[in-house]
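A.B. asks: sequence and predicted structure, then a few things I'm wondering about:
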Amino acid sequence: MKVILETPFKNENKQIFIDNYLYTNAVARKLMKEDDVSSLFFHTFYTQFLNDNIPEERDLGLMSSFNYHSDADYKLYAIDRGLSHGMILGAKDAIEKDIPIQFYTVLPHNSDVSKMLSAINRTRRSIVRLDLAIKYVEELKQKEFAINDKTGKITDYESSLSDHVSQVKDCLTEFFTPLIESLKEPK
C-alpha cells in the first residue's frame, strides 16, 4: 500500500514544532513496523530544502507534494495532534482527485477515539468524512485533556507511541549529528 501520511507540522512554538516532527516520524515508524504500511510524508521532506517560514516556499512545497498524492492508494490523517490548515487543504485536494482519505489515531483500537474514527472512516462520501473528522477534532480540543495541555496534543497518545518516539530520536540523532557538526565546522 502506498500511503501519504498527513500530520500537523509547522508551528511558531519551537517545542510544538519539534513534537510535531517527532510525532510524524513515530507514526510513520509505527505504521511501517506494526501495520506494514509504507507512508510518505512530504511536509517533513520538502522543509529540508525549502524554507517553511517563507510563504512562497511553503506554498511551493505544499502544492508540489500534491503532484505525488494521485499515486497513493489513500491519504492517512493522524489526528492525535489535531488537524492543521495544510492537512485540511490536502484532504480537499485528495477529494477533488478522488483519492480516498482516512483518519487515524495511534491510540489502541478499543479506545473511544479509535472507535469514533473507525465510524467516521466508514462514511461513504469523502467530503462528509472530512466534515465529520473536522467536527470530531474540534470536540476533542474542547475536552479537559486538550484544554489543560498546551503542547498541541488533543489525545493522550504518548504512552501508545513512546517506544517509537524514543527509537526515532535515536535514528535522527545518528543521522543528523554528523551533518550538523559538519555544518558548524569552519570552512
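C.D. replies: Nice, thanks for sending it over.

A.B. asks: for the protein, which segments count as helices?
C.D. replies: Assigned by DSSP state H, the helices in the chain fall at 14-35, 42-45, 55-69, 85-96, 112-121, 126-141, 144-148, 158-184.

A.B. asks: go through these and name the closest to residue 4.
C.D. replies: Each of these was scored for nearness to residue 4 using CB to CB, and the closest is helix 55-69 (5.3 Å). Yep, even glycine has a C-beta here, placed from its N, CA and C like the rest.

A.B. asks: now the angle between helix 85-96 and that closest one, please.
C.D. replies: Orientation check (axes from the mean of the first three to the mean of the last three CA atoms, to 10 degrees): helix 55-69 against helix 85-96 gives 40 degrees.

A.B. asks: out of the helices of the chain, the one nearest residue 77 is which?
C.D. replies: helix 85-96 (5.8 Å).

A.B. asks: in the closest one, what counts as buried?
C.D. replies: Using 16 or more other CB atoms under 10 Å as the test for burial, helix 85-96 gives 86-88, 90-91, 93-95.

A.B. asks: next: stretch 118-138.
C.D. replies: So, applying 16+ other CB under 10 Å, buried residues of stretch 118-138: 120, 126, 129-130, 132-134, 136-137.

A.B. asks: farthest-apart pair in those, please.
C.D. replies: Across those, no pair lies farther apart than 126 and 137, at 16.2 Å, counting by CB to CB.

A.B. asks: if we can go back for a sec, can you put the buried residues of stretch 118-138 in TSV and add distance to residue 21 and pLDDT?
C.D. replies: Listed next are the buried residues of stretch 118-138 as TSV, based on distance: CB to CB, whole Å; pLDDT from 0 to 100:
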residue	distance to residue 21	pLDDT
120	26	98
126	28	96
129	27	98
130	25	98
132	28	98
133	22	98
134	23	98
136	24	98
137	20	97
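
A.B. asks: list the contacts of residue 104.
C.D. replies: Contacts were defined as CB atoms under 8 Å, 6 or more residues apart in numbering; by that measure residue 104 touches 27, 76-79, 117.
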